[in-house]
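**Student:** Next one to model:
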Amino acid sequence: MENKTLNTNDHPSESIDRIVRSSEFAKILSISKTTLWRLEKNDPNFPKKLKLSTHCVGFLVSDIRAYINSKRD
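**Tutor:** Coordinates of the predicted model:
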């Protein structure tokens, strides 16, 4: 995974990889949070979650895009 830094000349979305929570990830895939949880447990290619705090996790948008693209093949 590439480490990106903020460049004031670039658009922020191009410089920083956004983190989304599980509920938004489920909406992106048009599935329930329960189905998202099942995919996470059973699909070895499912994006790894990032621990943001004790009770908060998220996923990198770049990992979500890669996961969706891998399902297209």
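**Student:** ok now do residue 57, which residues does it touch?
**Tutor:** Residue 57 is in contact with 21, 22, 49, 50, 51, counting by Cβ atoms under 8 Å, 6 or more residues apart in numbering. For glycine as for every other residue, the C-beta is placed from the backbone atoms N, C-alpha and C.
**Student:** got TSV for these, with secondary structure, distance to residue 28 and neighbour count too?
**Tutor:** Formatted as TSV, the contacts of residue 57 follow (DSSP: H, G, I helix; E, B strand; the rest coil; distance: Cβ to Cβ, whole Å; neighbours: other Cβ atoms under 10 Å):
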residue	secondary structure	distance to residue 28	neighbour count
21	coil	11	14
22	helix	11	16
49	coil	14	16
50	strand	16	12
51	strand	20	9
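**Student:** contacts for stretch 43-55?
**Tutor:** With contacts defined as Cβ under 8 Å, 6+ apart, stretch 43-55 is touched by 19, 22, 39-40, 57-60, 63-64, 66-67, 70.
**Student:** For residue 50, list each beta-bridge partner.
**Tutor:** residue 58 (DSSP bridges).
**Student:** what separates it from residue 39, distance-wise?
**Tutor:** For residue 50, the distance to residue 39 (Cβ to Cβ, to the nearest Å) stands at 17 Å.
**Student:** can you check residue 61 too?
**Tutor:** Residue 61 sits 17 Å away from residue 39, going by Cβ to Cβ.
**Student:** Likewise for residue 17?
**Tutor:** Applying Cβ to Cβ, the value for residue 17 to residue 39 is 21 Å.
**Student:** next one: residue 32
**Tutor:** Per Cβ to Cβ, residue 32 is found 11 Å from residue 39.
**Student:** Ends of stretch 16-27, what's the gap?
**Tutor:** With Cα to Cα, to the nearest Å as the measure, the ends of stretch 16-27 fall 21 Å from one another.
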